[in-house]
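S.K.: sequence-free structure coming up:
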């Protein structure tokens, strides 16, 4: 019994969980620092405690999922798809409007952001879809996959949450790569997507402020908009951190409110300012090791559904890190894409821990 | 089999993901290296600039005092009105203030928005409120919740228009002055001296600004004070000016102008008086009429007032006629002509001249006339001075011309004409005309030639020679003190706020000019006799102190005659020189000499109450 229990624990992938835990705790510290002088009328400790609650809740759910055999989830793909649509429609029907977008629905005391879960649901759905294909993946299958994606993406696009819509498309592209789509087919799809994007901009599907926000990173100082200001101040914050940083809870750019959205989209500016290049390097290293670890899991396990899911999740994660840090340091457009484990907000954190739960469960069951 | 193939493909594709990942992380790290390590210092400075707000604390400006310690310029506390920055755009505040401040609401708003005087979270709105205005605002405090009244020191000139041209005035530094770095250490919004002593000694008066370093958040709210550096008050300037004499000179000018008008010289409206210490060059009084109140410039002059101050019909009150206006000297220059002729051995003090009223030195067809048409008969140079005989000086002029050297010009320059005197508040150089000048001045070839008449006219002070009243005073001081030409000084000492003398100014002897004893005797005797038996006799009738001097009446084309008197006393041991000009006042002996007598009476503490009337027909 004793031996059995030990081996049961040993089957957990501790290195991945440890990194995720460290990142979550680091996120808590950064949020505490970013919001210590209050944000938009909220007290200095409000966001910290809210995030702490989410971290605890997420880990509980992670543990529950870890003990469940996630391979069974493959059969529920259509349930995920429908659940996703219901949630996204619910946002439009009864969502809370905040900061000019309708992204949240309130369930009891908590706000959830269905577009964050859409990433999880669609990753599971497509993993199941591609794993179920008997033959080699064809252009027809690809077209069908994009057809499945169209409705959720549109629902997210009208919120508007351009960032998440882009994440979903990128994720699908990644999963197509993972599923063994031909290079030729991938090139064709990419070209069609580029033409479609250009067309969407041309017919004015994007509002002027969205285009402005997307292009502001090219010349932030010459731009007097809110986005230009955000970016300029974030760069000052990060740059001023220097090598060693100003010390935890000692950032001026962030605590004196020069950087707006410093606890959510611009949390990296707090990292850069307070911990400097040193801290930012460690953070990037943790993200890198985390990704490397889940890639190793995907490489190791035999279940194709889970393998594809991990690949999709990995693409989402990498894309989040790239666009979020990229926009903080002025090399990527400004989109509302949060930084995994660090940005304040429960839905994305929970989505990440659920994904880790799925990976962890798959690792535990890899030999069975 | 299918399973294996898919797996192999997946293994290949996951390497692709890892490859992409490595590239992405390297790009992010590279960019972070650039931002934080390479440019870290410049961003750190930008972050500090974001965070820190530095407020200047203006230093109390030093005082300006007369030689006896009487205040000429000082500071006084005044009520100033401030508005909270957040409410700058509330129109109703300005509308409510309109009747109280008697300034249009939109003007007030404009001013508030442009205001650079900012303290904590308030912006300067109005200066120097009256007690009634403050009461009106304070009584209805609930109507003006965003306004605050507080004390602010402002410049104050207790004597009004007295000595205004010497003291000068202050104002906000101009953009041009900042870019040209005319006032070291001063920047936007600072008050600096604009003219006069306020400008010349600004560096001493201004003091050193203090600083308040504060931390502010993104909205500009002050979070805390980090550092306070107290300002260092400016130093006091003690002038050589004697306010009592200054006021006497100003009164004399006013009265002389009135007197000139009574004598049918109705265009008399302006003039100047300079009083110097003969033995040191110290300026005791420097009066220019009309004057202005430097107080109107404090906190910004109102445009209508500025316009008034620059109108011709108001005779340009800002112009300092004692130093910055030059006039033909008339007969007051005759001693110079005499010196030039005698020193160059073109005439002798023992020589006898003849005056027939008409002078025919240029031939019968080109006669010139003495002011005394009946002629002075046979006379020597002493009498030529005291009776101001033109014929004699025409003759001297002609002799000087015939040498073909510019001897008269040389002598004039030797005595400081045609150059700046070096007085601290600045002056103009006047003009000593010569061949070169004439060539440059006139465009037409035929007018460019130097003619004998030019030298002859210059010899009696009626030509193109232009002198300032200050230059004239300095020249006569040199005559009185045996040839010492001083740089006129206005400042006696600079004293720190704690009373320590920082700088003591001493007389500045520019040069000592040798005058031969015989010439000197002739000159001094002539100048003395101007007062005892010559053109200024009536003006100085019964004056208890011996005075020497010379009247002058300069003729200006298209204008009434300019009246001059320059003199010194006591004649035996000269202490003071007084130089007077009344523009379009008529004859020197008639208006300028009485004005000088009035000033002398105060110098010697006899204090005559009004001007005696003089009489003079000479020039």
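M.R.: Received, thanks. What you see is a predicted model, and the numbers here were worked out from it, not measured in a lab.
S.K.: for the host helix or strand of residue B:26, buried residues please.
M.R.: Using DSSP states H and E, residue B:26 sits in helix B:2-32. Neighbour-count burial for helix B:2-32, counted by 16 or more other C-beta atoms under 10 Å in any protein chain shown, picks out B:6, B:9-10, B:13-14, B:17-18, B:20-21, B:24-25, B:28-29, B:31-32. Every residue, glycine included, has its C-beta placed from N, CA and C.
S.K.: can you give me the strands for the stretch 401-550 of chain B?
M.R.: B:484-487, B:491-495, B:501-504, B:508-512, B:548-554 (DSSP state E, counting those that start in this stretch).
S.K.: can you put these in JSON lines and add distance to chain A and mean pLDDT?
M.R.: Output for these, formatted as JSON lines (distance: least, C-beta to the nearest C-beta, whole Å; pLDDT from 0 to 100):
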{"stretch": "strand B:484-487", "distance to chain A": "55", "mean pLDDT": "96"}
{"stretch": "strand B:491-495", "distance to chain A": "44", "mean pLDDT": "96"}
{"stretch": "strand B:501-504", "distance to chain A": "42", "mean pLDDT": "94"}
{"stretch": "strand B:508-512", "distance to chain A": "56", "mean pLDDT": "94"}
{"stretch": "strand B:548-554", "distance to chain A": "66", "mean pLDDT": "94"}
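S.K.: in CSV: those, plus mean neighbour count.
M.R.: Shown next, in CSV, are these (neighbours: other C-beta atoms under 10 Å in any protein chain shown):
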stretch, mean neighbour count
strand B:484-487, 20
strand B:491-495, 20
strand B:501-504, 12
strand B:508-512, 13
strand B:548-554, 31
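S.K.: the ones you listed into a markdown table, with extra columns for distance to residue A:161?
M.R.: As requested, these are exported to a markdown table (distance: least, C-beta to C-beta, whole Å):
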| stretch | distance to residue A:161 |
| --- | --- |
| strand B:484-487 | 81 |
| strand B:491-495 | 72 |
| strand B:501-504 | 71 |
| strand B:508-512 | 82 |
| strand B:548-554 | 91 |
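S.K.: for the ones you listed, which one sits closest to residue B:213?
M.R.: With C-beta to C-beta as the measure, strand B:501-504 is the member of these nearest residue B:213 (29.1 Å).
S.K.: for the stretch 301-450 of chain B, which residues score under the pLDDT cut-off?
M.R.: For the stretch 301-450 of chain B, no stretch is flagged by pLDDT under 70.
S.K.: which residues of it fall in helices?
M.R.: With DSSP state H, counting those that start in this stretch, the ranges of helices along the stretch 301-450 of chain B come out as B:303-309, B:321-324, B:334-343, B:381-386, B:390-402, B:407-414, B:435-441.
S.K.: redo those as JSON lines? Include mean neighbour count.
M.R.: Below are the helices of the stretch 301-450 of chain B laid out as JSON lines (neighbours: other C-beta under 10 Å):
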{"stretch": "helix B:303-309", "mean neighbour count": "12"}
{"stretch": "helix B:321-324", "mean neighbour count": "25"}
{"stretch": "helix B:334-343", "mean neighbour count": "24"}
{"stretch": "helix B:381-386", "mean neighbour count": "24"}
{"stretch": "helix B:390-402", "mean neighbour count": "24"}
{"stretch": "helix B:407-414", "mean neighbour count": "21"}
{"stretch": "helix B:435-441", "mean neighbour count": "13"}
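S.K.: nearest to chain A, out of those?
M.R.: Chain A lies closest, by C-beta to the nearest C-beta, to one member of the helices of the stretch 301-450 of chain B: helix B:303-309, at 33.9 Å.
S.K.: returning to what we had before: same for the helix holding residue B:26, what does it pack against?
M.R.: helix A:162-178, helix A:267-300, helix A:304-328 (3 or more C-beta pairs under 8 Å, 6 or more residues apart in numbering or on different chains; DSSP states H and E).
S.K.: any idea which of those is most buried?
M.R.: helix A:304-328 (a mean of 25; mean count of other C-beta atoms under 10 Å in any protein chain shown).
S.K.: what is that helix packed up against?
M.R.: Partner elements for helix A:304-328 (3+ C-beta pairs under 8 Å, 6+ apart): helix A:114-132, helix A:162-178, helix A:226-240, helix A:267-300, helix A:346-364, helix B:2-32.
S.K.: let's have those in JSON lines, adding mean pLDDT.
M.R.: As requested, those are exported to JSON lines (pLDDT from 0 to 100):
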{"stretch": "helix A:114-132", "mean pLDDT": "95"}
{"stretch": "helix A:162-178", "mean pLDDT": "94"}
{"stretch": "helix A:226-240", "mean pLDDT": "90"}
{"stretch": "helix A:267-300", "mean pLDDT": "96"}
{"stretch": "helix A:346-364", "mean pLDDT": "95"}
{"stretch": "helix B:2-32", "mean pLDDT": "92"}
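S.K.: do you know which of those lies nearest residue B:134?
M.R.: helix A:226-240 (41.2 Å).
S.K.: picking up where we left off before, out of the strands of the stretch 401-550 of chain B, flag the one nearest residue A:135.
M.R.: With C-beta to C-beta as the measure, strand B:501-504 is the member of these nearest residue A:135 (99.9 Å).
S.K.: how about the nearest residue to residue A:179, chain neighbours excluded?
M.R.: Leaving aside its sequence neighbours, residue A:179 sits nearest to residue A:130 (C-beta to C-beta, 6 or more residues apart in numbering or on different chains; 4.0 Å).
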